[in-house]
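[1] Below are the sequence and a predicted model for it; my questions follow.
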Amino acid sequence: MTRKQRRLSMIAAAGGVLAVAVGLILFALNDQIVFFQSPSDIVGKTHPDGQRIRLGGLVADGTVERRDGAEVRFSVTDTEETVQVVYVGLLPDLFREGQGVVAEGVMKPDGWFHADSVLAKHDENYMPKEVAEALKGKGVWQGEE
Amino acid sequence: MPGMTLWIAFALLTVAAALAVLVPLARGRRGHAPAAAHDAEVYRAQLDEIERDLDRGLVSEEAATAARTEIARRLLAASREAEASGAADAATGTKDKADAAASLPGSPARRGASGLLQVAVVIAIPAAALFTYLALGSPDLADQPLSARLEDTQQNRSMAALVAKVEQHLADNPNDGRGWDVLAPVYMRLGRTGDAVVAYRNAIRLVGSDERRETDLGEALVILAEGIVTAEARAAFDRAVALDPKAVKPRFFLALALGQENRKDEAITAWKALLAEAKGGEAWVEAVRMEMAKLGAEVPPSPALPGPDREAMAAAAEMSASDRAEMIRGMVDQLDTRLSAEGGTAEEWMRLMRALAVMGDGPRLREVKDRALVALKDDPVAQAKLRGLAEELGIGS
Amino acid sequence: MIVEIGHYALILALILSLVQSVLPVWGAVTGNDRMMAVAPPVSGMMFLFVGISFAALTMAYATSDFSVLNVVENSHSAKPFLYKLTGVWGNHEGSMLLWVLILVLFGALVAAFGRNIPTELRAATLGVQGMVSFAFLLFLLVTSNPFLRLSPAPMEGNDLNPILQDVGLAIHPPLLYVGYVGFSITFSFAAAALILGRVDAAWARWVRPWTLLAWMFLTLGIAMGSYWAYYELGWGGYWFWDPVENASLMPWLSGTALLHSAIVLEKRGALKVWTVLLAILTFSLSLLGTFLVRSGVLTSVHAFATDPMRGTFILGILTIFVGGSLALYAWRAPLLKQGGLFAPVSREGALVLNNLLLTVSAVAVFVGTLYPLALEVVGGEKISVGPPFFNLTFGPLMVPLLIAMPFGPLLAWKRGDLYAVSQRLYAALGLALAATLLVAWLQGVDRILAALGFGLGIWVIAGAAAEILSRARFAQVGLSTGLRRLVGLPGAAWGAALGHIGIGVTVLGLVAATAFQVEKVVTIRPGESVTVADNTLTFGGLARRTGPNYIDDVGHFDILKGGVKVAETDPAKRLYTARKMPTTEAGIVTFGFSQVYVSIGEVHDDGGADIRVYHKPLVTLIWLGCLVMAFGGALSLFDRRLRVGAPKPARQRMVPAE
């Protein structure tokens, strides 16, 4: 092989790998990203089966209900609309009524949001960023920038 | 003299810094090997390595030969290059053959430039350092390790001596209620809240219960519980109110307790009752209003504190958003200036902090919080309030 | 006084860094010996000054000097002494000071141990390092000065985030920083080479050990951070594809690529332009990581107090250095002479493949990390890119890398014989297949992917072992000579083999802990039991315990295997009283390489509790593998090949070899 051919074959190989990688990234971006939505974005809309959603808002006061087997039911609100959430598992340390929360899961036809992970703020200063912004938009939260 | 020592230390550091630049600049030229010579050295090491690998049988004879040829070729090229730059030097008439710098080192022009550079370094380094330091540093502040402050300050020493004396006396006469009564507030001021609680209890047991002692005991318990009105503290406040139904402080804490127990409506009623008695201008009014706001109650306007009057507010309502922001900013600045210059109550500081939080000015909010904590450092209750607010505004740390 | 001396020393360091940015580089370009000679002593002096500064701040923390604002904000007199000290870098200002300390440390190390580096290269490298130091010292003094004072001083400080009160976390930032910042020196080498317009054998030889050093610490730092998240956060996970984790993974990937491409450059003089670019990119990614963490763009566990001014400043630094170095690259890279030729199937070819896959996977991580941010900036929707994205992109890119890994070191330089190499890997292949079949048989054929993953891990380990064993030639020379040869192998050979074995070990741990983990979430009452895998956990009830600055609700569990008690563990729900902040203290018991992991959730009034129990088979291999990798790096670093002498300046005549 001449120098030029070698170089070409190298470039072809690199191009191949790059093409595969770009394909993978695009495919994954298309399929695997999760949209962040507030209860107002969800209520009254239909959701394709199994579309994953990150639901953010405040845990509505007085709605947390614990059942056996570590099942928890609570409502997430953005003060306008409210979505009922069911979750099986351990809640984060800072999960409290009236505090910001992000639940990830799917909206089921039964009208419940089935979460498979729940995040709360990690310390007193932390409000999940999306929640803070969504709530700011609604004029509820007036924290520091 | 510590001040003197500090400046001597600064001087030494500055001299060291300047010397680190000056010495190499001033020292005569040392020749250095051209880059190619370093390459040659690396290639030689690589050749040695091949020999070693060959000895150990790590590479085949054939591969070793191929590698040797290639490296030898590079070594040759590098050596030639090094030679050439050495020769170039020789041509310039330097004694130092290996010097690659194709310059005219001994020339007066260069020496002059170098001298100039040295002078610049001698002047610029100390000047720049001093200038920056004076802008940023606090040379007149000594170190203040906590242990030394607790033991050594004049005031504390006399205070500590006094306390020790009273403590000694009480150890001998544990039933001297007056002694406990005197000691308790002193403990509070020293931050020994736990001891203060014991002292108040003893005073109440020995001298008898009155509104002030019960209230102070309750307050000490609240501080000990970091702001939580515990059952024990409640009992103390209840007794205080029983002794003097008009007393404000115990009722303040009782209302706080209701809020903490989430009995909102009762708490709001209690707060309203307190507010109704306010003549205006009392330090606790703002705290009550804040608590009410926290509970989500409608907060009656506060006529007492100087604030924007109704007209100004009405005008603000008609302004455009940016004008309004400007007006708010102006008022905030005014308040800030006044507080910094003349000091103020915890409530005023808190008003400023809340305004800044609404404006979303995080950095300034923190800065104001720190200043407020300093300004009110002698007032533990005010400090606790400030910290509480800071926590609430999300700048707890 | 000590505090003020620290402050002044930091300012002097800033000024020296300015001198350092100008004089040596100027000297290197114009060939002025005196100016170049400034670089080493000034590097040492800068390290001394920043060191004094760091010591002064540490002193202030140790003595709870609340006249220093930074101490007030991040310490408390009642805090355990150890955490007072670690509190120095547990906050933004202090951690940036540590960052700068490590930055100047690397400069000083090059000054001290770089006598054999060509003079111009050393001067220019230290000069560029001076520029980076200047930028960060300025950042520190302007936006994050840790030496601001308060007068009068408050009597008490404001504690430290309790989640940061942890020994693991105390060691984690320094390790990670040594890695992150260590790549600054390879960056400086690259920029210096571009400035001087020459990448030569000496450059190649000297850039590699520094890369190796930084890489080693970064590996340890990442492993440490992962283990910390695993046992401290109580979620049982060890990698979340959190942007902050990605920020450390990206420089690791490109740093690993750099490590390999530098070999080609050193041995064969090829890939010059590419290696220089990688060196620039690696540090750029480190800077990006610093920006992401420090600017507060990402609000996450790791975010300290954030401040837009700081974010903007770091973004400025990022733009200037990344933009500047890439522009320099575009301008000067064409000057670099191309080196040796090689066939696609050769050691060089394999290393190119390695580089290709590593950089592309770094790109995948980059896209996944920044895409949501970019989308938000352009006003689009808020999205989150989670583990599924990374599993789908990063995973498939790693598979060919792992498959190809054992071939690389066995291939000859220039032109390799793939067939001959394959023959030497038959044993490894056999082992890998056997492992795959065994796992598939044990776990069921439906777990075939996991079984294949396991086989892949074995393949990498066995492949690396085959390579190192084949160098000993047991078959030809017999056992005792073979052993002696094995021990006598150069450190670099052992380093490479251990590095690869470490990867394999980590892969085994990842596959096993992901695919074969058993998780149960149950409500348990005293006396009840729960079984995961072959472990039965009996709940003995909850008890309250008081610590120095927290209250624990401690649950007691006996772990039984086959009805026999083998261990006990006490996970807790902890409440830090000063901040009213709850944390979860997981109970972790190690059996062999596997672990049982218990964390307590909600506590019920009847004495019961919601608990989460995992059995995580072989999970410790994940971090052990990282340790093995780092150890390999250390062996390689101490290889005597790296001790090349410096040419003697004057008398020595250059003798053409042979």
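    Yep, that arrived.

[2] CA atoms for contacts and neighbours, from now on please.
    OK.

[3] mind showing which ranges of chain C have poor pLDDT?
    C:159-169, C:234, C:295-308, C:339-340, C:379-381, C:549, C:577-580, C:640-658 (pLDDT under 70).

[4] helix or strand for residue 23, which one?
    If you meant another chain, say so; for now it's chain A. Per DSSP states H and E, A:Gly23 falls inside helix A:3-31.

[5] if you could check chain B rather than the one you did, that'd help
    Secondary structure (DSSP H and E) places B:Val23 in helix B:2-26.

[6] Any buried residues in the helix or strand following that helix, and which?
    Per DSSP H and E, the first helix or strand lying C-terminal to helix B:2-26 is helix B:35-56. Of the residues in helix B:35-56, B:35-47, B:50-51, B:53-54 count as buried by neighbour count, 16 or more other C-alpha atoms under 10 Å in any protein chain shown.

[7] Quick check: residues of chain C near chain A?
    Residues of chain C found near chain A (C-alpha under 8 Å from any C-alpha of the partner chain) are C:299-301, C:341, C:343-344, C:353, C:356-357, C:360-361, C:364, C:367, C:381-386, C:388-389, C:392-393, C:397, C:521-523, C:581-584, C:600-602, C:610-612.

[8] Tell me where chain A has strands.
    Along chain A, the stretches classed as strands by DSSP state E are A:33-37, A:52-59, A:65-67, A:71-77, A:82-88, A:100-107, A:113-120.

[9] Point out the one among those that comes closest to chain B.
    Chain B lies closest, by C-alpha to the nearest C-alpha, to one member of those: strand A:100-107, at 13.1 Å.

[10] is that closest one anywhere near chain B?
    No: using C-alpha under 8 Å from any C-alpha, strand A:100-107 stays clear of chain B, with a minimum separation of 13.1 Å.

[11] what's C:Leu637 in contact with, if anything?
    For C:Leu637, the contacting residues are C:209, C:212-213, C:491-492, by C-alpha atoms under 8 Å, 6 or more residues apart in numbering or on different chains.

[12] ok, for C:Trp99, nearest residue in space, not its chain neighbours?
    Residue nearest to C:Trp99 in three dimensions, not counting chain neighbours: C:Tyr177, with 6.2 Å by C-alpha to C-alpha, 6 or more residues apart in numbering or on different chains.

[13] Next, count neighbours for the closest residue to chain C within the stretch 151-300 of chain B.
    Nearest to chain C, among the residues of the stretch 151-300 of chain B, is B:Glu226, at 7.5 Å (C-alpha to the nearest C-alpha). By other C-alpha atoms under 10 Å in any protein chain shown, 16 other residues sit near B:Glu226.

[14] mind pulling up the phi and psi values for it?
    phi 60, psi 50 (degrees, to the nearest 10).

[15] got it, and C:Leu150?
    Main-chain dihedrals, C:Leu150, degrees, to the nearest 10: phi -120, psi 130.

[16] And B:Ala384, by the same measure?
    Backbone torsions of B:Ala384, given as degrees, to the nearest 10, read phi -60, psi -40.

[17] Number of residues surrounding it?
    Applying other C-alpha under 10 Å, we find 16 residues neighbouring B:Ala384.

[18] Also A:Thr46?
    Using other C-alpha under 10 Å, A:Thr46 has 10 neighbouring residues.

[19] Can you give me the distance of it to A:Val106?
    Here A:Thr46 is placed at a distance of 12 Å from A:Val106 (C-alpha to C-alpha, to the nearest Å).

[20] now do B:Leu386
    Counting by C-alpha to C-alpha, the gap from B:Leu386 to A:Val106 is 43 Å.

[21] number of nearby residues for B:Ala9?
    As a burial measure, B:Ala9 scores 17 neighbours (other C-alpha under 10 Å).

[22] from memory it sits against C:Gly6, does it?
    No: if you go by C-alpha atoms under 8 Å, B:Ala9 and C:Gly6 don't touch, sitting 10.6 Å apart.

[23] Phi first, then psi, for C:Asp489.
    Asp isn't right for residue C:489; it's Leu. Backbone torsions of C:Leu489, given as degrees, to the nearest 10, read phi -60, psi 150.

[24] Quickly list the domain ranges of chain C.
    Split into domains by automatic domain parsing, chain C comes to C:1-165, C:167-379+C:387-406, C:425-516, C:518-616.

[25] any chance of those in TSV, plus mean neighbour count?
    TSV is the format used below for the domains of chain C (neighbours: other C-alpha atoms under 10 Å in any protein chain shown):
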stretch	mean neighbour count
domain C:1-165	23
domain C:167-379+C:387-406	21
domain C:425-516	20
domain C:518-616	18
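
[26] can you tell me which of those domains comes nearest to A:Leu119?
    domain C:167-379+C:387-406 (10.8 Å; C-alpha to C-alpha).

[27] Is C:Ala257 in contact with C:Leu358, as I believe?
    Yes: between C:Ala257 and C:Leu358 there is a contact under C-alpha under 8 Å: 6.0 Å.

[28] contacting residues for C:Gly555?
    Applying C-alpha under 8 Å, 6+ apart to C:Gly555 gives the contacts C:539-543, C:570-572, C:600.

[29] Show me what the residue in chain C that chain A sits nearest to is bridged to.
    Nearest residue of chain C to chain A, counting by C-alpha to the nearest C-alpha: C:Ile383, 4.4 Å away. Beta-bridge partners for C:Ile383, by DSSP bridges, are A:Phe35.

[30] was I right about it contacting A:Phe35?
    Yes: between C:Ile383 and A:Phe35 there is a contact at 4.4 Å, judged by C-alpha under 8 Å.

[31] Helices - which of the contacts of C:Leu637 land there?
    C:209, C:212-213, C:491-492 (DSSP state H).

[32] Among those residues, which pair sits farthest apart?
    Longest span within the ones in helices among the contacts of C:Leu637, C-alpha to C-alpha: C:Leu213 and C:Gly491, 14.4 Å.

[33] what ranges of chain A fall below the confidence cut-off?
    Across chain A (using pLDDT under 70), the flagged ranges come out as A:1-3, A:49, A:69, A:121-145.

[34] give the contact list for residue 62.
    Answering for chain A, as no chain was given. A:Glu97.

[35] sorry, should have said chain C
    Contacts for C:Ala62 (C-alpha under 8 Å, 6+ apart) come out as C:81, C:84-85.
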